[in-house]
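Visitor: Structure, please.
(chains A and B)
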Amino acid sequence: MNREELSELAAGYALGSLDGADRERFDALLRAGDAEARSVLREFQQTVVALAGELQEAPPAAVKAALMDRLAAERSARPRAVAPAPPAARRRPSVWTVLTAAAMAAGIAAIAVGLAVSTGYERRVRELDRQAGALRQELSRQQATMAILRDPSTQIVALAGQAPSPEARARVLWHAANGGIFVSASLPALPPGKAYQLWAIAGKNAPVSAGVFTVDARGTGSLQVPPLPGVSRVDVFAVTLEPAGGVPAPTGPMYLVGKS
Amino acid sequence: MLSPGADRSAADLIARIAGGDETAFSQFYDRYAGLAFGVIRRVLREKDAAEDVLQEVFWQVWREASAYDPGRGSPEAWLVMRARTRAIDKVRSIRRKEQTFVAPVAEGTARADPERREDPGLQAEDRELVEGALARLPEAQRRVIELSFFEGLTQVEIAARLREPLGTVKTRARLALERLRTIFGGKGSPAG
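Guide: Alright, predicted model coming up:
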């Protein structure tokens, strides 16, 4: 193929007007990476682009807005949320009607997608917030436990089983500023509507409730006791059987008791 | 716009678009939408339809950027050809519809209509006003450019339409582009 023939093929290709056989011939050259074919084509294409450049016309902003909406809708895994531009209708007014409808559909879809996305995010944020709150609580419990265990001024009180449950036993670790930790073993299972309640007694003062707890099948129970207002050193800890939810002063039988 | 540096960054944008980069797409649109729209408007008279085509062309750019082959030309050339081809498709589909639904108008009557309202495209034969570089081409060469690039005829179809040998049409296409290249300053670029 001589240079002139190559140029003619390239010109026809650049103008998009080659017929089948010619097109295939030139395509084959390009596919083969023929340097001359590529270089001649590139020159002619630049000329065509320059010709197009003379015609430059700024499109209305609505076209880009519609495109970006389509992208957003596609990104939200809803590729069909915005219908492709409808075919132009036969009469001008209906073209506008259809375009307006398409623009509205695009707007509504964008809002719907936005709402769906933001609702999704809000739900996740709330869930993460809830998890963070639970972790913070757990961490502060652990820190309180560590503070109690680390401090030499922490009292350790052993509680012994009383008449209803001689085999039961428990320990209380008590720290005036940090509160206490209570653990029990071998307490009888609770009757319905009942709970065990822990009491702290200082000197001759009335017992102060340190909280209620339940036990598992093996009679194991535990309680994290916050610092009790007005209670520093505790002389006696006791556990009684009380109505579920606890009472202000002990009313039921005593199951465990221990002196510091 | 057509300097090698701009060319490279246009190819970069295409590569990023192929990777799903919406910012790159937005930049590519801002830079080249006017170029594509000019071509579309030249082919397709109806502004509403031209805007539809522009949107479809850039939607194709978004979806098919990974198919761009630098061995077949610059991104600008790729875009211009897509814009031109889609606009011609649109003109043809509108014409087909009008033939189907408004057919009772005789071909002779339609041609006699001086405003040619029914024709969504521009006929090279009827264009009185040719501006810019095309106006500086000999009539015969200008016609080949009009019929091939703006009307989408193949060289065989142009030869039949003009009743000229195919070889003559091919030569005119080459001469026309060579002459335009000279007009645009040897490098094919009016800008630089």
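
Visitor: Let me know the pLDDT of residue 123.
Guide: Here I'm looking at chain A. On the pLDDT scale, A:Arg123 is placed at 75.

Visitor: The chain in question should be chain B.
Guide: Predicted confidence (pLDDT) for B:Gln123: 52.

Visitor: Next secondary structure element downstream of the helix-or-strand element of chain B with minimal mean pLDDT?
Guide: Using mean pLDDT, DSSP states H and E, the weakest-scoring helix or strand in chain B turns out to be helix B:107-112, at a mean of 42. Per DSSP states H and E, the first helix or strand lying C-terminal to helix B:107-112 is helix B:139-145.

Visitor: Go through that next one and flag the buried ones.
Guide: B:141-145 (16 or more other Cβ atoms under 10 Å in any protein chain shown). The C-beta positions use only the backbone N, C-alpha and C, and glycine is treated the same way.

Visitor: Let's have the residues you listed in TSV, adding pLDDT.
Guide: Formatted as TSV, these follow (pLDDT from 0 to 100):
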residue	pLDDT
B:Gln141	95
B:Arg142	95
B:Arg143	95
B:Val144	96
B:Ile145	95
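
Visitor: Out of these, which is nearest to A:Gln155?
Guide: Checking the buried residues of helix B:139-145 against A:Gln155 by Cβ to Cβ gives B:Ile145 as the nearest, at 101.5 Å.

Visitor: so who does A:Leu41 touch?
Guide: When contacts are counted by Cβ atoms under 8 Å, 6 or more residues apart in numbering or on different chains, A:Leu41 touches A:10, A:13-14, A:26, A:30, B:72-73.

Visitor: go again using 7 Å as the cut-off
Guide: For A:Leu41, the contact set (Cβ atoms under 7 Å, 6 or more residues apart in numbering or on different chains) comprises A:10, A:13-14, B:73.

Visitor: do you know how far B:Phe28 is from A:Ala168?
Guide: 78 Å (Cβ to Cβ, to the nearest Å).

Visitor: which among the buried residues of helix B:139-145 gets closest to A:Ala206?
Guide: B:Ile145 (107.2 Å).

Visitor: Wait, the closest one touches B:Ala176, no?
Guide: Yes: using Cβ atoms under 7 Å, B:Ile145 is in contact with B:Ala176, at 5.2 Å.

Visitor: chain center to the lowest-mean-pLDDT helix or strand in chain A: distance?
Guide: Sorting the helices and strands of chain A by mean pLDDT, DSSP H and E puts helix A:92-150 at the bottom, at a mean of 75. Put simply, helix A:92-150 sits 8 Å off its chain's centre (Cα atoms, centre = their mean, to the nearest Å).

Visitor: what bits of the chain have low per-residue confidence?
Guide: Let's take chain A. Residue ranges of chain A with pLDDT under 70: A:77-99, A:115, A:119.

Visitor: oops, I was thinking of chain B
Guide: Chain B contains residues with pLDDT under 70 at B:1-8, B:100-130, B:186-192.

Visitor: Run through the helices of it in chain order.
Guide: Along chain B, counting by DSSP state H, helices occupy B:4-18, B:22-43, B:47-64, B:75-101, B:107-112, B:139-145, B:155-162, B:166-183.

Visitor: Just put these in JSON lines and tack on distance to chain A.
Guide: JSON lines is the format used below for the helices of chain B (distance: least, Cβ to the nearest Cβ, whole Å):
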{"stretch": "helix B:4-18", "distance to chain A": "9"}
{"stretch": "helix B:22-43", "distance to chain A": "3"}
{"stretch": "helix B:47-64", "distance to chain A": "4"}
{"stretch": "helix B:75-101", "distance to chain A": "4"}
{"stretch": "helix B:107-112", "distance to chain A": "15"}
{"stretch": "helix B:139-145", "distance to chain A": "7"}
{"stretch": "helix B:155-162", "distance to chain A": "5"}
{"stretch": "helix B:166-183", "distance to chain A": "4"}
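
Visitor: Next, find the distance separating the residue nearest the centre of chain A from chain B.
Guide: Central residue of chain A (Cα atoms, centre = their mean): A:Arg124, 3.6 Å from the mean position. Distance, A:Arg124 to chain B, using Cβ to the nearest Cβ, to the nearest Å: 23 Å.
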